[in-house]
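Q: got a predicted model here, sequence first, then my questions.
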Amino acid sequence: MTPTHAGPSFGPGSDRAAVPEVLRPARRSSLREDVSQSLRTAIVTGTLRPGQIYSAPKLAERFGVSATPVREAMLELVKNGLVETVPNKGFRIVRVSERDLDEIAVLRGLLEPPSVAELARGGDLARVRALRPLAEEIVAAAAVGDLPGYLRADVDFHLGLLAGLGNGRLVEVVRDLRAQTRLYGLTRLAETGRLVASAAEHIELLDVIEARDAPAAEALMRRHIGHTRGIWATSAEPLPSAEDPDRGPGPGPGPVIG
């Protein structure tokens, strides 16, 4: 299976006709938000490469928009620490170290598993059930290799779960942590068809929460954050062998729940 975002990188000689799908902004509430979301997705998946400098006008040509919304979106990403300005040149995609990714995984492990357990114990199940269409959207996007759609739905799903606890600061902290991750292994999971099975685990998470099984919900979220760390990579890593398909952090990625 070939993910829909596949295409040449933004090196010399690339043209707008060859823009990866991940860099084509989807229609959202405003053009700047469209561009910002598409840039975030491109950075997280590695389509925009760490250490490389991109100019707002050149990116704007590839988006088919003016430079203004691209520049505004890039400045927003500077505030989030995803890119940095390079005077008279443009914006450089910030590299994330393995230590950075380890720290992000630890923080998410401290926050998200006990939060979904609390949701299972006493959360509003109507709000949880309302997230099922999003979980199904994640599965559908994985089935066709739509990585931008997968990532958008994945973020909305997980932040939606946490929002059910009514703690806005928790949601914002996790949103920021997720924005700092890199999912370079996601492309390989899509290409091998393993992303579909991984995506289905979002539905499993809803099932255990709706069953009020707090220990199972916490264990599932903790396990998948650990698995996900395997594809938060600063360099290409091989997929696990067929004999060891569920291997977690280490030489290769395990299943991802996002």
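A: Received, thanks. Residues are numbered from 1 along each chain as shown.
Q: can you give me the strands for this protein?
A: Secondary structure of the chain (DSSP state E): strands located at 53-54, 83-86, 90-93.
Q: point out the most buried one among the ones you listed.
A: strand 90-93 (a mean of 20; mean count of other Cβ atoms under 10 Å). C-beta here means a position set from N, CA and C on the backbone, and glycine is covered the same way.
Q: and the helices in the stretch 101-250 of the chain, which stretches?
A: Using DSSP state H, counting those that start in this stretch, the helices of the stretch 101-250 of the chain run over 125-129, 132-143, 147-163, 168-179, 186-191, 194-199, 201-210, 214-229.
Q: quick one: buried residues of the second one?
A: The neighbour-count criterion (16 or more other Cβ atoms under 10 Å) identifies Leu134, Ala135, Glu136, Glu137, Ile138, Val139, Ala141, Ala142 as the buried residues of helix 132-143.
Q: other residues contacting it?
A: Helix 132-143 is touched from outside by 147, 149-150, 153-154, 156-157, 160, 190, 195-196, 198-200, 202-203, 205-206, 258, with contacts defined as Cβ atoms under 8 Å, 6 or more residues apart in numbering.
Q: now that helix against helix 201-210, angle please.
A: Inter-element angle recorded for helix 132-143 and helix 201-210: 160 degrees (by axes from the mean of the first three to the mean of the last three Cα atoms, to 10 degrees).
Q: please begin residue numbering at 34 from this point
A: With the count now opening at 34, the last piece we talked about shows up as helix 165-176.
Q: let me know the average pLDDT across helix 165-176.
A: Throughout helix 165-176, pLDDT has a mean value of 95.
Q: got the angle for that helix vs helix 180-196?
A: Using the same axes, to 10 degrees: helix 165-176 against helix 180-196 is 150 degrees.
Q: got the CA positions of helix 165-176 in CSV?
A: The C-alpha coordinates for helix 165-176 follow below in CSV (Å, rounded to 0.1, in the frame of the first residue of the first chain):
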residue,chain,number,x,y,z
ARG,A,165,-16.4,6.6,18.0
PRO,A,166,-16.9,8.2,14.6
LEU,A,167,-13.4,9.7,15.0
ALA,A,168,-12.0,6.3,15.9
GLU,A,169,-13.6,4.9,12.8
GLU,A,170,-12.3,7.8,10.7
ILE,A,171,-8.8,6.9,11.9
VAL,A,172,-9.2,3.3,10.8
ALA,A,173,-10.6,4.5,7.4
ALA,A,174,-7.7,6.9,6.9
ALA,A,175,-5.2,4.1,7.7
ALA,A,176,-6.8,1.8,5.2
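Q: if we can go back for a sec, of the strands of the chain, which is nearest Leu198?
A: strand 116-119 (31.2 Å; Cβ to Cβ).
Q: quick one: distance of the closest one to the chain centre.
A: Put simply, strand 116-119 sits 21 Å off its chain's centre (Cα atoms, centre = their mean, to the nearest Å).
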